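In: predicted coordinates and the sequence they were generated for:
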Amino acid sequence: MKRAATIVILFLAASDCLAANPITREVKRYLSDGKDLAAAPLHWKREQWIRFGEGTAAVAALYAADRQLYDAVQRNRSSFSDDFAKTITPFGAHRAIEMSVLLIAGGALSRDTRMRAAGRDSLEAQLWAAGVVTPILKRGFGRARPSQNQGAHSFDPLPSSSSGRESFPSGHATNAFAFATAVASHYDNWVVPTIVYTMATGVSISRVNDRAHFPSDVLAGALIGRAVGKGIAARHRNGKVAWTVTPIVLPHGLGALVSWNPRSEERVYPLFISGR
């Protein structure tokens with residue numbers, strides 16, 4: 001993750017497609033978004049609390065069946081599932097970060113604002129969800145991993161950093177679903193969402209296959225990643241729009257150009273033409 005983060009910082013610094021002083025702008029954007037995400041529950045409405053309750057209930061229900069479901073996955077484990085897990089797991093870590101960087105670079109170079117916005121939102125969602133929220137919860141719950149053979153109900157809040165008690169929630173599932181949700185939010189077709197959510201689901205299943213997590217760990221991580229991804233994308237999609245109107249002289253009369261910057265983009269279009 002550190003390597004990929006360094007790549008994107010260097011890219012932002014070198015790119016002339018972004019506004020001046022891009023690193024400062026990105027830092028301000030991240031801090032502003034983080035503040036709003038942290039305060040979001042204070043402004044939740046009834047529907048949002050209901051969804052939160054449904055998610056919590058789903059995790060609790062899966063927790064009750066963790067041992068049975070985990071054992072079923074292990075009974076069906078094979079060389080194929082191991083090879084699949086080895087291939088797909090990095091997409092819940094550095095590979096997802098690198099894909100976000102590629103989307104940013106590709107969007108900037110091709111002037112595809114949707115692609116670049118998908119990359120920026122997915123990168124930020126991963127850093128907040130998997131880099132801040134999930135590590136705090138891991139530390140708070142201190143759940144033993146399946147590979148530690150301490151059972152499905154072994155918790156030790158605030159364990160030592162060397163204990164390895166970092167099972168709940170899954171960081172890989174968080175990261176994969178933060179990436180998938182943020183990217184999917186920018187595409188109305190079924191192709192892109194299908195690809196990214198299939199990848200994220202594969203990452204989650206593989207973590208159970210590899211004895212790194214129980215099923216409730218990956219579900220909790222997926223819900224966190226999805227919530228943060230949706231929050232980041234919605235915040236930028238619904239952000240305030242700054243307008244600028246500039247008078248111009250056209251061949252057949254007077255006119256005006258209107259420019260605005262949704263998602264920090266700047267576009268200029270003809271607004272009207274007067275005269276003959």
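Out: That came through, no problem. Numbering: from 1, shown residues only.
In: pLDDT score assigned to R267?
Out: If you check R267, the pLDDT there is 44.
In: likewise S259?
Out: Reported pLDDT for S259: 45.
In: same check, this time on R120
Out: 91.
In: wait, what's in contact with it?
Out: Taking C-beta atoms under 8 Å, 6 or more residues apart in numbering as the contact definition, R120 lies against 100, 104. Quick note: C-beta positions are derived from backbone N, CA and C, even for glycine.
In: does A178 touch A125 like I think?
Out: Yes: between A178 and A125 a contact is recorded at 4.0 Å, counting by C-beta atoms under 8 Å.
In: which one's more surrounded, those two?
Out: Neighbour count, other C-beta atoms under 10 Å: between A178 and A125, A178 has more, with 37 against 32.
In: spit out the residues that contact A178 and A125 alike.
Out: 225, 228-229.
In: can you give me the helices in the stretch 51-200 of the chain?
Out: Here the stretch 51-200 of the chain has its helices, by DSSP state H, counting those that start in this stretch, at 66-75, 79-88, 94-110, 113-128, 134-141, 171-184, 191-209.
In: the fourth one vs helix 94-110, what angle?
Out: Looking back up the chat, that one is helix 113-128. Per axes from the mean of the first three to the mean of the last three C-alpha atoms, to 10 degrees, the angle that helix 113-128 makes with helix 94-110 is 150 degrees.
In: sort out for me which of the shared contacts of A178 and A125 are in helices.
Out: Residues of the shared contacts of A178 and A125 located in helices (DSSP state H): 225, 228-229.
In: possible to save these as CSV with pLDDT and neighbour count?
Out: Putting those into CSV (pLDDT from 0 to 100; neighbours: other C-beta atoms under 10 Å) gives the following:
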residue, pLDDT, neighbour count
G225, 96, 34
V228, 94, 28
G229, 95, 28
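In: between those, which is nearest P169?
Out: Nearest to P169 among those: G225, at 9.2 Å, using C-beta to C-beta.
In: residues contacting the closest residue to that closest one other than its chain neighbours?
Out: Closest residue in space to G225, ignoring its immediate chain neighbours: F177 at 3.2 Å, by C-beta to C-beta, 6 or more residues apart in numbering. Residues near F177 by C-beta under 8 Å, 6+ apart: 197, 200, 204, 221-226, 229.
In: ok, F177 to T201 distance?
Out: 9 Å (C-beta to C-beta, to the nearest Å).
In: what does V218 give?
Out: 9 Å.
In: between those two, which one's more packed in?
Out: The neighbour count for V218 versus T201, taken as other C-beta under 10 Å, is higher for V218 (30 against 17).
In: which positions in whichever strand or helix holds that one come out as buried?
Out: Using DSSP states H and E, V218 falls within helix 215-237. Neighbour counts over helix 215-237 (16 or more other C-beta atoms under 10 Å) mark 215-233, 235-236 as buried.
In: leaving out chain neighbours, which residue sits closest to D121?
Out: That would be A182: by C-beta to C-beta, 6+ apart, it lies 4.2 Å from D121.
In: meant to ask about G107
Out: Closest to G107 by C-beta to C-beta, 6+ apart is R116, at 2.8 Å.
In: low pLDDT regions in this protein?
Out: The chain contains residues with pLDDT under 70 at 1-23, 238-276.
In: residues in contact with the most centrally placed residue in it?
Out: Geometric centre of the chain, nearest residue: A178, 2.4 Å, by C-alpha atoms, centre = their mean. Contacts for A178 (C-beta under 8 Å, 6+ apart) come out as 122, 125-126, 128-130, 224-226, 228-229.
In: if we use 10 Å, what do you get?
Out: 92, 96, 100, 121-131, 133-134, 200, 221-222, 224-230, 232 (C-beta atoms under 10 Å, 6 or more residues apart in numbering).
In: same question, R235
Out: 29, 32-33, 36-37, 40, 121, 124.
In: circling back to that earlier point, would JSON lines of the ones in helices among the shared contacts of A178 and A125 with distance to R51 be doable?
Out: What follows is these, written out as JSON lines (distance: C-beta to C-beta, whole Å):
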{"residue": "G225", "distance to R51": "15"}
{"residue": "V228", "distance to R51": "14"}
{"residue": "G229", "distance to R51": "14"}
